[in-house]
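Peer 1: can you look at this prediction? I've put the sequence above it.
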Amino acid sequence: MESLQASVRRVRQEAERLCADLTQSSETEMAQASKQLSAVEGLIRICQKVEASLVEQHERQVGHAQGGAVLDLDGARNEIGCRLARLRACCNETELP
């Protein structure tokens, strides 16, 4: 995983360097390089998406390592609601304090 992250970082840095070089070109060079610039910008966007995916995957792994499973707040809320409903039914109460 670390080697993949390092590779993505290197590709992104190289793409950003190429992009900077292309934007500093003269007008005639810029006309010739517009396709290259678009390709480099696309590569930067792809690298950003891959980096975001790697961060999400890392966060999921850290969450599983720390507590076994990531918290399911919707599931917990649903379970609490069911338990409160059973208490209300048991006690013939419409509202609990």
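Peer 2: In hand now; what should we look at? Numbers count the residues shown, from 1 in each chain.
Peer 1: longest helix anywhere in the chain?
Peer 2: Counting residues, the longest helix found in the chain (DSSP state H) is helix 27-67.
Peer 1: chain center to it: distance?
Peer 2: 11 Å (Cα atoms, centre = their mean, to the nearest Å).
Peer 1: packing partners of that helix?
Peer 2: Helices and strands touching helix 27-67, as assessed by 3 or more Cβ pairs under 8 Å, 6 or more residues apart in numbering; DSSP states H and E, comprise helix 2-23. Bear in mind the C-beta positions are built from the backbone N, C-alpha and C, glycine included.
Peer 1: tell me how far the helix it packs on is from the chain's mean position?
Peer 2: For helix 2-23, the distance to the chain centre is 19 Å (Cα atoms, centre = their mean).
Peer 1: tell me the buried residues in it?
Peer 2: Val8, Arg12, Ala15, Leu18, Cys19, Leu22 (16 or more other Cβ atoms under 10 Å).
Peer 1: closest to Gly42 out of those residues?
Peer 2: Ala15 (9.1 Å; Cβ to Cβ).
Peer 1: which ones are touching that closest one?
Peer 2: Val40, Leu43, Ile44, Cys47 (Cβ atoms under 8 Å, 6 or more residues apart in numbering).
Peer 1: what separation do you get for the residue lying closest to Arg12 once chain neighbours are set aside and Arg9?
Peer 2: Ranked by Cβ to Cβ, 6 or more residues apart in numbering and with sequence neighbours excluded, the top spatial neighbour of Arg12 is Cys47, at 3.9 Å. Separation of Cys47 from Arg9 (Cβ to Cβ, to the nearest Å) stands at 8 Å.
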